[in-house]
Structure formats: structure tokens, C-alpha cells
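Colleague: prediction below, plus the sequence it came from.
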Amino acid sequence: GAVVSQHPSRVICKSGTSVKIECRSLDFQATTMFWYRQFPKQSLMLMATSNEGSKATYEQGVEKDKFLINHASLTLSTLTVTSAHPEDSSFYICSAQPWDLAKNIQYFGAGTRLSVL
Amino acid sequence: GNSVTQMEGPVTLSEEAFLTINCTYTATGYPSLFWYVQYPGEGLQLLLKATKADDKGSNKGFEATYRKETTSFHLEKGSVQVSDSAVYFCALSDRTGNQFYFGTGTSLTVIP
């Protein structure tokens, strides 16, 4: 089956530093990748949609300068949390949509737990 | 607009009990419906899906039927195991698959 690898799985950083999270589709090409944020005991909130080679589309209320998304290839998207603060601590999950399979499927990474001290 | 409503948890069951987690949806057009499962500390895994009315998705003993007349996609399993303990999310997507809408999740704990 389709596999999405997300790295790192867990990161602890100091306030003010930047953190990069990678999302890779390992055995398929993904024209579209999605970034979600999940708060404890809540559902996923879509942060942004990224298409390879173009700028990401951010959901309302998500700061694009705070959460930088780069989708440089059909298998890699990165999310950089810039100048992280404790309120950015959360579980971040990416997903990828294959271009050559049923379009209405998203495959999810295992998530990254970010803790900002 | 599109939305998903699923029963609130947490749900606690004994091993081999019957499981039902209710999910209803509101959608324009003809959405596809999904159940995802999230084990502790992990991301979401697709459990099953249905793409049109009356379709039944099934996997690992779980089933859900796309009911257009009641706008529902309830998840069922005849005999749960301890290993089924997880959070279950109902979701729908529009035809393009570019927009997913998730329910709030239902936590299931199965005790021996």
C-alpha cells in the first residue's frame, strides 16, 4: 500500500527556534499534500494544501509566515514552524494524495509531536 | 456546506462485544465517506471507505454502509478485540478529494 513517511516523529525545541518537518510519499507521486494540526482530544484541522511547484493555500486563520510550506518535488513537502512558541506545541500530521490512483484518497504520515519549551 | 458528526466518546467495551460508532454527514453533491483509525501516538490510517450510496466498506472485521437516505456511515464490528483500542474518525471528501472533513473522533477502549 501507499506509504507516507513523516520525520521527525517527535521534536522538542526552545522558544524562538525554527523546526522543519518533512513529509515524503515513499512509493507514489503526490501532486497534492496536506498539513493538519491536531490538538489533544480534538479532530484534525487542515492548515494548508500544497501542490508541487506552486505556493501553498492556507486555511483561514493560519499564518503563512509562521508556517512555511515548501513542496519542491512530487514526493516531498516540508513544513517549517518559524520562531516557535509554546502555543505552537501540537501534533502535526501530513497527508498525500496520489495523482495516479483514486483521487479521493489521502494517505497520512505518522505525525510529528512538537513541544516548544 | 460539508460536515461530519460522529458520536462522542469515550466508548469502553469488553472484549468480544459488538461495536457501533455512529456517523452522520451533511454534504453537497456526492461525497465519498471514510473511516480512519488513529492508534496512540500515531497518525491516521485508512480503515475503510465507500464512494457511492449503498456501498459497503469493510476491513479487519469492521464494516460501514453508505446510507444516502439517512446520510449516515455508521461503523460496526461484531466482536472487538483489545487491539482495536484507538480513536476512530469519520470523514468525507468531495469528488475532487481535495477537501476532507473530519468528525471529532471517538475514542474506543476495549478491556479484556
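Modeller: That came through fine.

Colleague: so what touches stretch A:61-80?
Modeller: For stretch A:61-80, contacts defined as Cβ atoms under 8 Å, 6 or more residues apart in numbering or on different chains pick out A:18-26, A:29-31, A:33, A:35, A:47-48, A:50-54, A:56, A:58, A:81-83, A:88, A:92, A:94, A:96, A:99. All C-beta atoms are positioned from the backbone trio N, CA, C, and that covers glycine.

Colleague: from those, which land in strands?
Modeller: A:19-25, A:30-31, A:33, A:35, A:47-48, A:50-51, A:58, A:81, A:92, A:94, A:96 (DSSP state E).

Colleague: so what's the nearest residue to residue A:30 once chain neighbours are set aside up against?
Modeller: Excluding the flanking residues, the one nearest residue A:30 by Cβ to Cβ, 6 or more residues apart in numbering or on different chains is residue A:96, at 3.6 Å. By Cβ under 8 Å, 6+ apart, residue A:96 lies in contact with A:2, A:4, A:23, A:25, A:28, A:30, A:32-34, A:77, A:106-107, A:109.

Colleague: what pLDDT does residue A:96 get?
Modeller: You'll see residue A:96 listed with a pLDDT of 91.

Colleague: try residue A:1
Modeller: At residue A:1, the pLDDT value in this model is 65.

Colleague: likewise residue B:3?
Modeller: Reported pLDDT for residue B:3: 88.

Colleague: residue contacts, it?
Modeller: Going by Cβ under 8 Å, 6+ apart, residue B:3 touches B:25-27, B:101.

Colleague: farthest-apart pair in those residues, please.
Modeller: B:26 and B:101 (9.1 Å; Cβ to Cβ).

Colleague: what sits in contact with each of these two?
Modeller: B:2-4.
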